[in-house]
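> just coords:
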Ligand SMILES: NC(=O)c1ccc[n+]([C@@H]2O[C@H](COP(=O)([O-])OP(=O)(O)OC[C@H]3O[C@@H](n4cnc5c(N)ncnc54)[C@H](O)[C@@H]3O)[C@@H](O)[C@H]2O)c1
């Protein structure tokens with residue numbers, strides 16, 4: 001595979017993770033430029049990571065050397081900047097969310113097709129070692145036929161650590177757009193598309209206290225609900241209970257557990273690329289009917305760790321989706337976090353919002369295929 005020249009747009013918190021990981025692990029991606037609305041921030045990022053160019057968005061878009069732009073600006077700028085990137089003839093990898101609703105996502109994806117460029121979007125954590133291993137074990141029937149999933153994203157928002165937290169509580173933002181996407185991408189990539197959604201929301205407080213950054217000590221308004229509880233039914237018939245919250249300090253709920261007719265598969269957290277899956281097989285449960293040995297009784301209480309079958313880059317890493325996009329450009333094929341997946345996940349978020357507002361079941365209009373699994377046993381940069 002040849003080396004692709006990449007430009008980063010938005011020199012904030014997550015740009016450092018992208019740059020560090022691309023430099024360390026993905027030799028076919030070369031970040032040659034950093035841009036930001038505040039050029040000083042772009043310059044600082046470029047000098048930290050030894051990137052040769054630092055300039056404005058306009059200069060990035062005019063730079064013929066840049067083939068792929070990674071858009072790492074705050075969510076409210078994603079659509080307008082995506083439009084500009086696509087119209088400049090550059091392939092786009094967008095941080096999440098891609099768009100606030102299905103209609104806008106479709107407009108951008110059509111524009112990309114008209115302009116002959118490819119589009120990819122985070123989350124790409126489903127391509128990393130942990131969730132790809134889960135996929136392998138599911139496909140190998142380790143828990144038989146899945147019928148139920150519980151997925152619980154429980155945090156207390158971002159205002160205790162993020163320097164610009166206000167954006168997370170505005171319209172077209174909130175826990176579903178910020179964190180729900182990781183869980184939805186994991187569910188769809190592992191178990192297939194969603195058929196219908198029933199969701200309810202809550203907002204325990206109308207204001208949020210800011211703890212860090214420029215506005216520390218002040219209160220901001222939460223414009224959107226900050227807690228969602230939902231039941232999804234997948235096209236396969238699997239039922240999913242998905243809870244996504246910015247209001248829970250601590251929880252004992254499992255973050256991600258899949259139940260099948262042959263056992264249970266549990267995974268630490270779909271927000272992370274690395275993570276060891278664990279399995280509980282039905283035989284562990286039924287054995288004690290036949291024999292009451294200490295060994296059988298001990299096995300009855302225990303989940304067993306399964307190996308990760310892929311090199312683990314880091315627990316929290318970024319960049320594999322960009323590599324997958326580059327490979328798709330080179331081979332003229334579909335990247336895994338592609339338009340169909342993007343619009344399905346975007347519609348799922350919109351469907352949860354609509355269902356929560358209307359107290360009605362939302363029927364999905366889009367569908368998608370499960371992305372191709374990555375072959376186990378490859379090197380760190382093989383997708
Ligand atoms: N922070 C995280 O841990 C994290 C993790 C995963 C994904 N993300 C996603 O990454 C994106 C960026 O998040 P962040 O936390 O790095 O944000 P940030 O606020 O730290 O940085 C955003 C940067 O974009 C620049 N910017 C703002 N408007 C711009 C514009 N119109 N044109 C060019 N540059 C502009 C800002 O100056 C800033 O440097 C968001 O979509 C977020 O959802 C963040």
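Noted; the coordinates are in hand. Being a predicted model, the structure only gives us computed values, none of them experimental.
> which of the residues in the helix or strand harbouring residue 34 are buried?
Taking DSSP states H and E as the definition, residue 34 sits inside strand 29-35. The neighbour-count check on strand 29-35 (16 or more other CB atoms under 10 Å) flags 29, 31, 32, 33, 34, 35 as buried. Just so you know, the C-beta spots here come from the backbone N, C-alpha and C atoms, and that holds for glycine as well.
> Going by secondary structure, the closest residue in space to residue 31 that isn't next to it in sequence is in what exactly?
The shortest distance from residue 31 to any non-neighbouring residue, by CB to CB, 6 or more residues apart in numbering, is to residue 6 (4.9 Å). Element membership for residue 6 (DSSP H and E) is strand 4-9.
> In its sheet, which strands sit next to that strand, and in what direction?
strand 29-35 (parallel), strand 68-71 (parallel) (DSSP bridges).
> Please enumerate residues in contact with it?
Here strand 4-9 makes contact (CB atoms under 8 Å, 6 or more residues apart in numbering) with 15, 18-19, 22, 28-36, 45, 51, 53, 57, 60, 63, 65-73, 81, 85, 90, 322, 326, 329-330.
> Please list only the buried members of those.
Among these, those classed as buried by 16+ other CB under 10 Å are 15, 18-19, 22, 28-29, 31-36, 45, 51, 53, 57, 60, 63, 66-73, 81, 85, 90, 322, 326, 329.
> Tell me, how many residues neighbour the closest residue to residue 111 other than its chain neighbours?
Nearest residue to residue 111, sequence neighbours excluded (CB to CB, 6+ apart): residue 86, at 5.2 Å. Using other CB atoms under 10 Å, residue 86 has 24 other residues around it.
> now what about the helix or strand harbouring residue 86, what contacts it?
Using DSSP H and E, residue 86 sits within helix 78-87. With CB under 8 Å, 6+ apart as the test, helix 78-87 has contacts from 9, 57, 61, 69, 71, 73, 92, 94-95, 97-100, 104, 108, 111-112, 115, 117, 119.
> can you tell me the residue of the stretch 51-200 of the chain closest to the ligand?
Using CB to the nearest ligand atom, residue 95 is the residue of the stretch 51-200 of the chain that sits closest to the ligand, at 3.6 Å.
> Next up, phi/psi of the residue most central in space within the chain, please.
The centre of the chain sits closest to residue 123, judged by CA atoms, centre = their mean, with a distance of 2.3 Å. Dihedral angles phi and psi of residue 123 (degrees, to the nearest 10) take the values phi -70, psi 140.
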